[in-house]
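> Got a predicted model here, sequence first, then my questions.
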Amino acid sequence: MQHIVRPNYKTSFALLLTIIIITGCDCGNEQPDAAMFTGKSKVYALHSVSNPAIEGIIKFAERRDDVTLVALYLKGISEENSHPAFIHTNSLEETGEVSITLNPVTGKNGVSETMVKQKNDGTPLDYDQLRELKGYVTVHLSQSDMETIIAQGNIGDQ
């Protein structure tokens, strides 16, 4: 009588998966993201203007290279649009000119990240100055509809 040996597919698959994971590993050739930051950050709330389902935050995070990461996170926005965002001088109540143009909030993931080290006019701005800036943030519906503000909030010492 002849004995037939059948391959163990579960073991073969597990071995193949392990090899793929090990060989695909980028084992520390780049600096981890956390090491680029000082640990200092400040978060402010953003409030809906045109749609009560929209909510979000703006976060300032100090980096070791004297640049501040300004990140906007919004929920409840339209996936089709890219939403222009700005930091203005003064408060929402007083209104003011655009001081810093931020990268648009992407509709697909609701995120905008901008590296900031100066105002639009070229004035240098470090993390502490940005955190203390009396200003406000506006996020607009789209580049073609700048009149419609979908989220806003005061920032800084107010």
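Great, that's in hand.
> those helices in the chain, which residues are they?
Assigned by DSSP state H, the chain shows helices spanning 9-23, 127-132.
> looking at those, which has the lowest confidence?
If you rank the helices of the chain by mean pLDDT, helix 9-23 sits at the bottom with a mean of 45.
> what's residue 55 in contact with, if anything?
Residue 55 is in contact with 45-48, 74-76, 151, counting by Cβ atoms under 8 Å, 6 or more residues apart in numbering. C-betas here are computed from N, CA, C, even on glycine.
> if I look at it, how far off is residue 138?
15 Å (Cβ to Cβ, to the nearest Å).
> what does residue 147 give?
Separation of residue 147 from residue 138 (Cβ to Cβ): 11 Å.
> doesn't residue 62 make contact with residue 130?
No: contact criterion Cβ atoms under 8 Å: residue 130 and residue 62 do not qualify, at 9.0 Å.
> Can you check which residues contact both of these two?
Contacts common to residue 130 and residue 62, judged by Cβ under 8 Å, 6+ apart, are residue 68.
> any low-confidence regions in this protein?
1-32, 158 (pLDDT under 70).
> what are the ranges of the strands in it?
Taking DSSP state E as the test, the strands found in the chain are 37-48, 55-63, 68-75, 82-89, 98-106, 111-116, 135-142, 145-155.
> Show me the one of those that comes nearest residue 126.
strand 68-75 (7.1 Å; Cβ to Cβ).
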